[in-house]
Every structure is written in C-alpha cells, then in structure tokens.
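> heads up, no residue letters with this:
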C-alpha cells in the first residue's frame, strides 16, 4: 500500500473508543473538516436539519463514533458529522472509473477515485483502515481519510468488495441513510456477496450512486445503479464489467447537468473496457495500467486501487497532482 497510512479500528470496542488517530492524522482530519465545512457553506447552513438527520438516519454506533471523533479533534459534532456525510451533500464534485475483471481466483476490482480538492489534500491524507472483530481478524479494509467513519471503497476478505461512483439523476435527495454509512454497515454485517448486493439494491438511501460489487467466485460482479427510489442491476460481458458516472439501465433526465465527469463518462468507460479486453491475463499491475491510461485517469484522480475479495488484498497508489 504505497504511501497510505494504516489504522486499525477494533469493532469489539465501544463505539466511543474505536478510533485512535495519531497526532499527524488528527492534524490532517482537522484540515479536511475545515475544507468540507467551508465548501458546504458552514455547519450553520445545516442547523436544525443535522440534529434530526443524525438522530433518525445514522445508526447509533456510528453517531457515537462521530461524537467521539469530534471530542478527539476538538471540533463540533456537526463538523465531524459533515465530514462523513460529505458525499450526500455534494456528490457532483467527484466521480470515478471502476471495473472488474475475472481471474481463476475470482474478480479483480479496480478503481480511480476522481475528486477535486485543494492542494491534493485528499490524496496526501489517504488512509487504509482495517476494521477488526473480536478475534482480532480483519473483518474488512477501507481506503478513506482521517476523520471519515464511512466507506467509499472497501473489501471484506472472503466475502466481497464495494466501490462507489458518483452519478446524477433528476430525483431530489431524500431524508434517508447516507450511502457511505450503508456501505460500511454492509461490509460489517453482510455474510455473502449475494446478501450485500441485495441490501445495497433495496435499502433506502439519501442520494444517487453507482455501486460496483464483486465477490470471490468468477462471474460474481454487478453494478447496482441507484437513485433514492430506484434500483437496477447490470452484470458483466465476457468477464468484464465497468462503471464511470452515467446510468446505463435507469432512465434519468440529465439534460440540465453540465460537468466534466458526465462529459467524459462514456469515453472513460469505453477506453477502460477496450483496454481490459486486450489483456490476456489480468493482474494487479495490468489493472493499474488501465487506471493510469491518459484516457481513463482524470486530472482530479486522487486514489487508485486494486482489490480482490477472495484474498482481501487492497493495493493502493496515490497519484501526485490529483
């Protein structure tokens, strides 16, 4: 895991005692929270709403983690919460390219996280978190940032891997659980790939997203297309499945949406599928080669990763200048 800090979180501990950031990680978390809250217009912009949302839409254990994080970092609970709910508030500022490709040992799951940030902060502060159970064994791994208790990219060894891509529909956001927290909850509790897919497709969520889910066996790969009220599942073709930032099954009106992510979505999708199809035997290195292709990687790429559910591997590269 090149350049990324590693933190262990003990899920058997009380929620208020799970996260122990180093002094450096605390400094990074404060810088990120300052960035998030400034971009969102400040905590006061969510006055009233945020308390109700935390009480009704955030599981109690995660709420306690956010409260403890706020104390740990000497920030308000609102600031700590917005750091973990950032995707649902401003999903339009970041995208991704992700793909899965079959191997005899189960799918490889690769993705670029594309997210604009000042001073490349989301790349330089990236952190791998290992969530361990009562037996000390890793339950799942995620690639995120200090102060962020949700998951956008994670792998549960021997079960499945999940990544999230941003997308926009014509549906308004809903007063419903955050997808970043739902992904974490699924990684913690879902026993199988099939159970994970079913939950991600059916659970109420606050905002649009595209979810690539891979399992341990060849062919276990699916894109779950979501709006707050709709769901569709898209499978692989010839052992390959890709996703960028556009719906392919759900009918969503995006005629009024103007963004680099949407404008480049099809091009990145086509190029990734083309390159993966030309690779006779997929490896982590061949996946990284696809992710770094000039027609796939964006100037705002801040994380690159390759995961494999069967082994639990999580290989990370942090591009400069993302």
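Happy to help now that I have it. Values in this document were obtained by computation on a predicted structure and should not be read as measured data.
> Residue 113 belongs to a helix?
No - if the criterion is DSSP: H, G, I helix; E, B strand; the rest coil, then residue 113 is strand and not within a helix.
> Got phi/psi on the residue of the chain positioned farthest from its centre?
When each C-alpha in the chain is compared with the mean C-alpha position (Cα atoms, centre = their mean), residue 280 comes out farthest, at 28.6 Å. The phi/psi pair for residue 280 (degrees, to the nearest 10) reads phi -70, psi -30.
> Same check on residue 184?
Torsion angles, degrees, to the nearest 10, at residue 184: phi -60, psi -40.
> Assign a three-state SS to the residue nearest to it when sequence neighbours are not counted, would you?
Leaving aside its sequence neighbours, residue 184 sits nearest to residue 151 (Cβ to Cβ, 6 or more residues apart in numbering; 4.2 Å). In this view, the C-beta of every residue, glycine as well, is placed from N, C-alpha and C. Following three-state DSSP, residue 151 is assigned to coil.
> and if you look at the one 4 residues further on?
Going by three-state DSSP, the secondary structure assigned to residue 155 is strand.
> check contacts around it.
109, 140-141, 161-162, 307-309, 312-314 (Cβ atoms under 8 Å, 6 or more residues apart in numbering).
> Buried residues of the helix or strand hosting residue 199, list them for me.
Following DSSP states H and E, the helix or strand that holds residue 199 is helix 193-202. Within helix 193-202, the residues that count as buried by 16 or more other Cβ atoms under 10 Å are 193, 196-197, 199-201.
> What segments of the protein are helices?
For the chain, the helices defined by DSSP state H cover 23-39, 49-57, 60-73, 77-84, 86-90, 121-124, 179-189, 193-202, 260-277, 284-291.
> can you pull the contacts of residue 180?
With Cβ under 8 Å, 6+ apart, residue 180 has these contacts: 84-85, 87-88, 148, 150-152, 164.
> before we move on, the earlier item: roughly how far out does the helix holding residue 199 sit from the chain middle?
Centroid displacement of helix 193-202 relative to its chain, using Cα atoms, centre = their mean, to the nearest Å, is 16 Å.
> State the mean pLDDT of that helix.
Helix 193-202 carries an average pLDDT of 98.
> Next: stretch 45-61.
93.
> Ok, stretch 86-101 next?
Rounded mean pLDDT across stretch 86-101 is 80.
> in the stretch 101-250 of the chain, which ranges drop under the pLDDT threshold?
Nowhere does the stretch 101-250 of the chain drop to pLDDT under 70.
> how about the strands of it, start to end?
Using DSSP state E, counting those that start in this stretch, the strands of the stretch 101-250 of the chain run over 108-115, 127-132, 138-144, 153-156, 160-165, 209-214, 221-226, 231-234, 240-243.
> Excluding chain neighbours, what is closest to the residue sitting nearest the centre point of the chain?
In the chain, the centroid-proximal residue (Cα atoms, centre = their mean) is residue 152; its distance is 1.3 Å. Among residues not flanking residue 152 along the chain, residue 164 sits closest, at 4.8 Å (Cβ to Cβ, 6+ apart).
> returning to that earlier point: could the helices of the chain be laid out in JSON lines, adding distance to residue 101?
Converted to JSON lines, the helices of the chain look like this (distance: least, Cβ to Cβ, whole Å):
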{"stretch": "helix 23-39", "distance to residue 101": "32"}
{"stretch": "helix 49-57", "distance to residue 101": "35"}
{"stretch": "helix 60-73", "distance to residue 101": "33"}
{"stretch": "helix 77-84", "distance to residue 101": "31"}
{"stretch": "helix 86-90", "distance to residue 101": "26"}
{"stretch": "helix 121-124", "distance to residue 101": "25"}
{"stretch": "helix 179-189", "distance to residue 101": "22"}
{"stretch": "helix 193-202", "distance to residue 101": "16"}
{"stretch": "helix 260-277", "distance to residue 101": "5"}
{"stretch": "helix 284-291", "distance to residue 101": "7"}
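> highest average neighbour count across the strands of the stretch 101-250 of the chain?
Per-stretch averages of neighbours, counted by mean count of other Cβ atoms under 10 Å, single out strand 160-165 among the strands of the stretch 101-250 of the chain, with a mean of 30.
> Okay, and the beta partners of the residue nearest to residue 152?
Residue 164 has these beta-bridge partners by DSSP bridges: residue 211.
> Now do the contacts for it.
So residue 164 contacts 87, 96, 152-153, 179-180, 183, 209-211 (Cβ under 8 Å, 6+ apart).
> quick one: it from residue 285, how far?
24 Å (Cβ to Cβ, to the nearest Å).
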